[in-house]
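K.L.:
Let's see this in three dimensions:
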Amino acid sequence: MPTQTDSVCLIGIYKVPPHLSKGQFETKFEAFMDALFLLPVVNDGLLKYELLFQNATLDEHVQAPELPASRPTVVCRGEWEVSKPSTEEQVVAIAQDAKFKSLVAGEIEELGST
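P.N.:
Residues are numbered from 1 along each chain as shown. As a prediction, this is how the structure comes out:
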């Protein structure tokens, strides 16, 4: 019989920077997120993560006069088990991890601050 697991969900919304095409950004961002979620400090307690890439399916339905076209975005959602130490301590441990900081610093330069 399944049991309920307490979990925490983090969501990030990233706009495609102007210097990259949507396709280039999606490819680079997906590779970055795959590498990020493979880090032991990030992967510990990870239940799932997903990337949601914007597409044009609803564009014609939501167009309104005088509204500019939306800038392409990517949504990243991760879900982790809540464990001891606390969630706050887990986030601090991730932020202080040397491999995490190195990976993020390199990608900020590559992808631009989004």
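K.L.:
If you rank every helix and strand of this protein by mean pLDDT, what lands last?
P.N.:
For the chain, using mean pLDDT, DSSP states H and E, the weakest element among its helices and strands is helix 59-62, scoring a mean of 64.
K.L.:
Just say helix, strand or coil for the most centrally placed residue in the chain.
P.N.:
The C-alpha lying nearest the average C-alpha coordinate of the chain belongs to residue 76 (CA atoms, centre = their mean; 3.2 Å). Secondary structure, DSSP: H, G, I helix; E, B strand; the rest coil: residue 76 is strand.
K.L.:
I figured it hits residue 51, correct?
P.N.:
Yes - applying CB atoms under 8 Å, one finds residue 76 in contact with residue 51, separated by 5.4 Å. From N, CA and C alone the C-beta is placed, and that goes for glycine too.
K.L.:
Overlap in contacts, those two.
P.N.:
Common neighbours of residue 76 and residue 51, using CB atoms under 8 Å, 6 or more residues apart in numbering, are residue 33.
K.L.:
Which elements pack onto the host helix or strand of residue 35?
P.N.:
According to DSSP states H and E, residue 35 maps onto helix 22-38. With contacts defined as 3 or more CB pairs under 8 Å, 6 or more residues apart in numbering; DSSP states H and E, the packing partners of helix 22-38 are strand 46-53, strand 73-81, helix 98-111.
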